[in-house]
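Colleague: Could you look at this predicted model? Sequence included:
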Amino acid sequence: MLIVIEGLDGSGKTTTARLLAQRLSAIAYRSPPAALQRIQPHIESARDIHAMMFFYLSANFCASAEIEAFVRNGNTVVCDRYYYSTLAGFAEVMQDYGRSFRDTCAEVFKQRMVQPEFAFFLDASAEERARRMHGRGNLTFFDRESLLSTHNARMASEYAHFGLTRVSVDGLSREEVVQSLLHVINDHQ
């Protein structure tokens, strides 16, 4: 079984994915795959949005192959970000390649990649996300960009296309968020 945790930066994806994986005795998987994380800083430091988009599009296929192998061996995988992040995050850039490029990418991902049984969107207010991200220290260019209200509205709109199960995390403890997800999972099994 594959469970995907999505959300804007600072929504608690990584912590939630790790804790949920512990509770389910599952594999906690972080995308992009570890082998590609070594080159990720080099791609991002160039600040070429097109290069980053193609890097993440490719990384999704690598992630899917690794996840598929885990699932085929009987493992449950909890994935911190998946292709939804790429499609939402680069939607505007994809328009440079024609109106249908994003839709084509989405269709290819649906046809060629392992699909999650559960996909959650952790919904945190801009204030909560800013608090969490400032608590991490050393905000990157991309962190600061993700806190802009125009970015928040655009990303929320893009994520809405995917039909992910939305979970509001404001005011909830880490354990309460995990319990919310487990409730949904247990109700549908």
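Modeller: Looks like it arrived, so ask away.
Colleague: switch to C-alpha atoms for all contacts and neighbour counts from now on
Modeller: OK.
Colleague: helices and strands around the longest helix seen in the chain, which ones?
Modeller: Of all the elements of type helix in the chain, the one with the most residues (DSSP state H) is helix 49-72. Using 3 or more CA pairs under 8 Å, 6 or more residues apart in numbering; DSSP states H and E as the contact test, the elements touching helix 49-72 are helix 40-45, strand 77-80, helix 83-89, helix 91-94.
Colleague: how does it look with 10 Å?
Modeller: Contacting helix 49-72 under the criterion 3 or more CA pairs under 10 Å, 6 or more residues apart in numbering; DSSP states H and E are the following elements: strand 2-7, strand 27-30, helix 34-37, helix 40-45, strand 77-80, helix 83-89, helix 91-94, helix 101-112.
Colleague: Throw these into TSV and include mean pLDDT and mean neighbour count, thanks.
Modeller: As requested, the helices and strands packed on helix 49-72 are exported to TSV (pLDDT from 0 to 100; neighbours: other CA atoms under 10 Å):
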stretch	mean pLDDT	mean neighbour count
strand 2-7	97	24
strand 27-30	97	21
helix 34-37	92	13
helix 40-45	90	13
strand 77-80	98	26
helix 83-89	94	22
helix 91-94	91	16
helix 101-112	93	14
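Colleague: Ok, which of these comes nearest residue 57?
Modeller: Ranking those by distance to residue 57, with CA to CA as the measure, places helix 83-89 first at 6.6 Å.
Colleague: which residue is nearest the centroid of the chain?
Modeller: The central residue of the chain, meaning the one whose C-alpha is nearest the mean C-alpha position (CA atoms, centre = their mean), is residue 81 at 2.3 Å.
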